[in-house]
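Peer 1: A predicted structure for the sequence below; I have some questions about it.
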Amino acid sequence: MPGKQLLSRRQTILGTTALWAAPQQRVRVPVIDITDLYHPHQDIGDNVDLIAAYALPEIDLKAVILDVTGKFRRAVATSASGKVIDKDGPRDPGVIPVMQLNYLFDRNVPYGIGPFEPLRSPSDKLLDAPEFQEAGVRLILDVLRTSREKVHIVSFGSARPLAAAFNREPRLLRAKVAKIHLCAGSTTPRYIEWNVELDPHAMVCMLRSDLPVAIYPCASDKGPFGMDSNNCYWKLPNLAFVKRMDPRLQRYLRYAFERSMRSYFLEILDHDWPADVIDRIAVRPHHVWETAVWIRTANRRLVHRPGLGYRILPAGQVRPGDRVLPNELKPCRVSVRDNGLFTWEWSKGPSNFEMYDRGDFEENARALQEALPALYESFRCPTRALDDAVKQDRTQVALP
């Protein structure tokens, strides 16, 4: 039976791919992704996270904005607080990872680079930024201006390009932004989190605005690697699931994890790497902050299904017997200080601000440790004619 044979070929250890696909009549959510993605990476999680922006069928990725802080392009840099010394530079905006994913997913998602220097005040428009660094801000405005529907903006970084765009054209953002998903800050005003520290004025701008802002704090009172009910951090003990991903996405991740500087960064995706490379990746622990944002933006649900376990499913595929775990946005009131630290409280009435709430954070982490690998194993790049040639030529590339 040809139909059954086709289904068999598409099965995985997680069940059929139909379990992961969005409904045929799905509504795709237009999204601008602002990310502090560098090459080579500063946080490898940014490279891993960007795959979801391309691969989730519910997401219509309109643009990638590369949020860059100039001092971290140097060989050695120190954070504003002096607590973090970054010795892994030099690095530049993550143009290469974006081009690689455009190549693998056969897309032409535009990208723009944002201003390198922080805002000088919460109302700064950064109009004197160099022309090269204007592209990111202008791309945000162009996408909003030309979109027929409201656009979601996810921000994993300083929020600098977004703040500059709002300060330049506030009426446009008020009219065309569906929601800003701000992944930054801490659930306590006693800890200044990395993204806030990158540009405190940008955080103040967002949290004093009248825009619809959902806040996903990265840190808790235990710091960036602590968990509570309202921050979004969790940890994978290892990356063994990468071994079961689409081979083309494996190549993308290998290039990133190995901090490869090969100039033929597209051609290298068409060849296997030595087997020991992925073995080194598979045993690494992995820190994650972004998952809650993508679940919410894609309108998915984190569920426990009897006989299957924890999964991240399209809302339309949740069954009566599934237990849906909290992954909520609830109205809140926010008060932000001039240094970017903020306090918040739940609001019984309407508010333009929402706070992330995951309830039992320990179960949330356990669930995501199972559900996110399953989701990433389900992602597939479009088949290209070149892939057949690659199957015939299993040449392994040498490491840099």
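Peer 2: Looks like it came in fine.
Peer 1: put the alpha carbons of stretch 89-106 into CSV.
Peer 2: Output in CSV follows, covering the C-alpha atoms of stretch 89-106 (Å, rounded to 0.1, in the frame of the first residue of the first chain):
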residue,chain,number,x,y,z
GLY,A,89,35.9,37.3,21.0
PRO,A,90,36.3,38.8,18.6
ARG,A,91,33.0,38.3,16.9
ASP,A,92,30.6,40.0,14.6
PRO,A,93,26.8,40.2,13.9
GLY,A,94,25.4,36.7,13.2
VAL,A,95,24.8,37.2,9.5
ILE,A,96,26.3,33.8,8.7
PRO,A,97,23.8,31.8,10.8
VAL,A,98,20.9,33.7,9.3
MET,A,99,22.2,33.0,5.7
GLN,A,100,22.7,29.4,6.6
LEU,A,101,19.1,28.9,7.8
ASN,A,102,17.8,30.8,4.7
TYR,A,103,19.7,28.3,2.6
LEU,A,104,18.6,25.2,4.5
PHE,A,105,14.9,26.3,4.6
ASP,A,106,14.9,27.8,1.1
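Peer 1: could you list the buried residues of that stretch?
Peer 2: 89, 91, 93-98, 100-105 (16 or more other C-beta atoms under 10 Å). The C-beta positions use only the backbone N, C-alpha and C, and glycine is treated the same way.
Peer 1: what are the contacting residues of that stretch?
Peer 2: Identification of contacts with stretch 89-106 by C-beta atoms under 8 Å, 6 or more residues apart in numbering yields 35, 37-42, 46-47, 50-51, 54-55, 64, 66, 68, 72-77, 107-109, 111, 113, 248-249, 252, 255-256, 265-266, 269, 381-382, 384.
Peer 1: in the stretch 201-350 of the chain, which spans are strands?
Peer 2: If DSSP state E, counting those that start in this stretch is used as the criterion, the strands of the stretch 201-350 of the chain fall at 213-215, 234-236, 286-288, 300-305, 309-314, 323-324, 328-336, 342-346.
Peer 1: the stretch 1-150 of the chain too?
Peer 2: Under DSSP E, counting those that start in this stretch, the stretch 1-150 of the chain gives strands at 11-12, 15-16, 29-35, 38-39, 59-66, 77-78, 85-86, 92-93, 111-113.
Peer 1: and the closest residue to F132 other than its chain neighbours, how many residues sit next to it?
Peer 2: Excluding its sequence neighbours, the residue lying closest to F132 (C-beta to C-beta, 6 or more residues apart in numbering) is I113, at 6.7 Å. Other residues near I113 come to 21 when the count uses other C-beta atoms under 10 Å.
Peer 1: cool, and the one 5 residues further on?
Peer 2: Burial of P118, expressed as a neighbour count using other C-beta under 10 Å, amounts to 20.
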